[in-house]
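**Student:** here are the coordinates; sequence isn't available:
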């Protein structure tokens, strides 16, 4: 069989781009044998052509985007990240009839619809498997494998940094700052980890998955988002004593004629499928009307897992089997969920006797209490606390209580309110 030749223009040669160059070089014969495609990289856009990049031919490097985009390539792979100039690069490539593969979750979450529409109009393909969950083929599953299903719910651990931090806090019994420092030292967290630990990275990924699953446009601000920076080792310990594990969970669920989207820390039963997902791994639990529940899990980030996802899009598009060109339907109505559930609440207080007024406020707002405890600080650097496990109640009742407690002046610092999953 004569292999089809495909020339690739690569924008960016960082962690994922370098991994892609490595995989293309290492597995070229395997790709030719399995898919009948011979891949070659024509030019690579970089910021610093003098930087040492093992395994990358220096002659391929350029600092001029036009030498990549207009160098006779058949496909452009965008791995520079960010909104601009990545969006301009992709628009330029699509307008000239080139297929595009990208791992740019921020851009897709912001402007994915218009890029897919542009690909559709030009009759080319836009692949983005690596934009969510690294090497896990969740986008391909939603796009192709589960096309005959009405997706009812997506639940997942979408951010490896948060999951690594919570794993270390759970298993090593360390505080948040120590776990974050370890994640940064190992390259799982950026020097500025805000996007990850405040939940925005997971929210971007959830928006992309929800639009695919429900074939509708989702507003950029539709995801209710909460991070993990206020979770303490004490919270982890309390959860353990109750038989739970704290995980940072993203959920998109059909609710009547709308979709509810949330990203927040949750107390999961220790027996839950997602409770055992450790360290930087990701997982997505999909419920469809035909298949029931399916779990996709694996490495959510890193050079080779993400590069593997990019390469799978390249090969699928080359074989006319993959990519994504069909645009979404209309915008879908989103709703803020008001589920009835138990909640774990923690309030830092000056005096543990605040337990009385706090529980009174909760009960006045219709929040029943299973147990409440006043906890004295163990040392001068710690705070006195009131901890409460509520009966099942609506989130709105909890939020009303939190506002009243904050207005009362009883709370001395940032508390926490976590839903308990059953």
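**Tutor:** Noted; the coordinates are in hand. Not measured: the values here are computed from a predicted model.

**Student:** quick check: domain ranges of this protein?
**Tutor:** 4-131, 138-300, 340-420 (automatic domain parsing).

**Student:** residue 311 is nearest to which of these?
**Tutor:** Evaluated over those, closeness to residue 311 peaks at domain 4-131, with 5.3 Å, by CB to CB. All C-beta spots, glycine's among them, are computed from the backbone N, C-alpha and C.

**Student:** ends of the closest one, what's the gap?
**Tutor:** End-to-end distance of domain 4-131 (CA to CA, to the nearest Å): 27 Å.

**Student:** what's the spacing between it and its chain's center?
**Tutor:** Here the centre of domain 4-131 is set off from its chain's centre by 22 Å, with CA atoms, centre = their mean, to the nearest Å.

**Student:** avg pLDDT for it?
**Tutor:** The average pLDDT within domain 4-131 is 95.

**Student:** stretch 196-212 too?
**Tutor:** 96.

**Student:** nearest to residue 314, of the domains of the chain?
**Tutor:** Closest approach to residue 314 among those (CB to CB): domain 4-131, 5.6 Å.

**Student:** one step back: what would the domains of the chain look like in CSV with distance to residue 314?
**Tutor:** Below are the domains of the chain laid out as CSV (distance: least, CB to CB, whole Å):
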stretch, distance to residue 314
domain 4-131, 6
domain 138-300, 13
domain 340-420, 40
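
**Student:** tell me which of these lies nearest to residue 308.
**Tutor:** Of all the domains of the chain, domain 4-131 comes closest under CB to CB, at 6.6 Å.

**Student:** next secondary structure after the helix ranked longest in the chain?
**Tutor:** Longest helix of the chain, by residue count under DSSP state H: helix 105-122. Of the helices and strands lying after helix 105-122 in sequence (DSSP states H and E), the nearest is strand 126-127.

**Student:** which helices and strands does that next one pack with?
**Tutor:** strand 99-102, helix 105-122, helix 303-318 (3 or more CB pairs under 8 Å, 6 or more residues apart in numbering; DSSP states H and E).

**Student:** now do the last one: distance to the chain's middle.
**Tutor:** Put plainly, it is helix 303-318. 18 Å.

**Student:** for the protein, which segments count as helices?
**Tutor:** Going by DSSP H, the chain shows helices at 15-26, 28-35, 66-69, 86-95, 105-122, 138-140, 160-171, 176-185, 194-197, 200-214, 233-241, 303-318, 355-364, 395-408.

**Student:** redo those helices as TSV? Include distance to residue 54 and mean neighbour count.
**Tutor:** Listed next are those as TSV, based on distance: least, CB to CB, whole Å; neighbours: other CB atoms under 10 Å:
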stretch	distance to residue 54	mean neighbour count
helix 15-26	8	20
helix 28-35	17	14
helix 66-69	21	18
helix 86-95	25	20
helix 105-122	27	19
helix 138-140	30	25
helix 160-171	25	24
helix 176-185	22	17
helix 194-197	28	20
helix 200-214	28	25
helix 233-241	40	17
helix 303-318	12	23
helix 355-364	58	17
helix 395-408	51	16
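
**Student:** between these, which gets nearest to residue 9?
**Tutor:** Checking those against residue 9 by CB to CB gives helix 66-69 as the closest, at 4.2 Å.

**Student:** if you count contacts, what does the closest one end up packed against?
**Tutor:** For helix 66-69, the elements it packs on are strand 4-11, strand 37-45, helix 86-95, judged by 3+ CB pairs under 8 Å, 6+ apart.

**Student:** hang on, the earlier thing: for the helices and strands packed on strand 126-127, give me CSV that also has distance to residue 203.
**Tutor:** Converted to CSV, the helices and strands packed on strand 126-127 look like this (distance: least, CB to CB, whole Å):
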stretch, distance to residue 203
strand 99-102, 19
helix 105-122, 8
helix 303-318, 19
